[in-house]
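Sequence first, predicted coordinates after that:
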Amino acid sequence: MKRMLIPFMAVACLVLIWTGYSQHADSKTDVFRYKHSYVGDNSAVGNIVKQLAHHQELHQIELETKQTPYGIHLTYQEIDAEAVEQEIKETVLYNATYLFALVDNVDHITFTFPDNEYTVTRATLDGWYNTQLSTVEQEQDLKKLIQNHLKSDKSVNQFFVH
């Protein structure tokens with residue numbers, strides 16, 4: 001009996017590990033299923049944010065839905081990185097880009113970090129990319145747009161000069 005139990009337990013563990021990995025991988029690849037979400041849909045916004053950069057340091061999500069313009073306020077704990085300021089700026093741009101592409105009625109997003117706070121508006125970010133983010137329908141197109149704009153630290157820093 002013990003001889004059969006050990007291989008069975010090993011197979012069961014492998015299945016559980018694979019299932020957990022598959023679910024995590026699937027959730028990372030289908031963030032665009034939340035396309036056309038609204039700020040008032042806290043479940044959709046929460047699920048989007050949980051898949052974005054530095055989600056593990058996210059401390060609080062606050063949705064501003066009482067009156068227009070609608071907004072999202074994300075509060076982060078300290079980010080551990082070599083170039084923290086640059087990492088924070090890239091995180092702000094990356095996460096704001098996804099949120100503006102997926103959440104139709106968000107007008108501004110405030111990112112609060114222990115030493116910095118940034119507010120990004122839809123109009124400003126659309127202008128920086130020279131495209132309306134709400135019209136991007138495919139994740140690979142959004143990733144390409146982000147990569148083209150984030151590859152230069154100078155370009156990233158210029159966004160925050162405004």
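Noted; the coordinates are in hand.

C-alpha only now, for contacts and for neighbours.
Fine.

just the strands in the chain please.
58-64, 70-76, 106-112, 117-121 (DSSP state E).

Mean neighbour count for the ones you listed - can I get that in CSV?
Below are the strands of the chain laid out as CSV (neighbours: other Cα atoms under 10 Å):
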stretch, mean neighbour count
strand 58-64, 15
strand 70-76, 19
strand 106-112, 21
strand 117-121, 16
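
Nearest to Val156 among those would be which one?
The closest of the strands of the chain to Val156 is strand 117-121. By Cα to Cα, the value is 13.0 Å.

what does that closest one rub up against?
92, 96, 107-112 (Cα atoms under 8 Å, 6 or more residues apart in numbering).

between the residues you listed, which is nearest Val161?
Nearest member of the contacts of strand 117-121 to Val161, counting by Cα to Cα, is Val92, at 14.0 Å.

pretty sure the closest one is in contact with Phe113, am I right?
No: with contact defined as Cα atoms under 8 Å, Val92 does not count as touching Phe113 (10.2 Å).

Compare the two (neighbour count), which wins?
A direct count of neighbours by other Cα atoms under 10 Å for Val92 and Phe113 places Val92 higher, at 22 against 18.

ok, that one - contacts?
111, 118 are the contacts of Val92 under Cα under 8 Å, 6+ apart.

Please apply the same query to Ile48.
Counted by Cα under 8 Å, 6+ apart, Ile48 has contacts 31, 34, 99.

Let me see the domain layout of the protein.
1-32, 35-159 (automatic domain parsing).

got CSV for those, with mean pLDDT too?
Formatted as CSV, these follow (pLDDT from 0 to 100):
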stretch, mean pLDDT
domain 1-32, 49
domain 35-159, 96
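
Packed most tightly, which of those domains would that be?
The highest average neighbour count among those, using mean count of other Cα atoms under 10 Å, belongs to domain 35-159 at a mean of 16.
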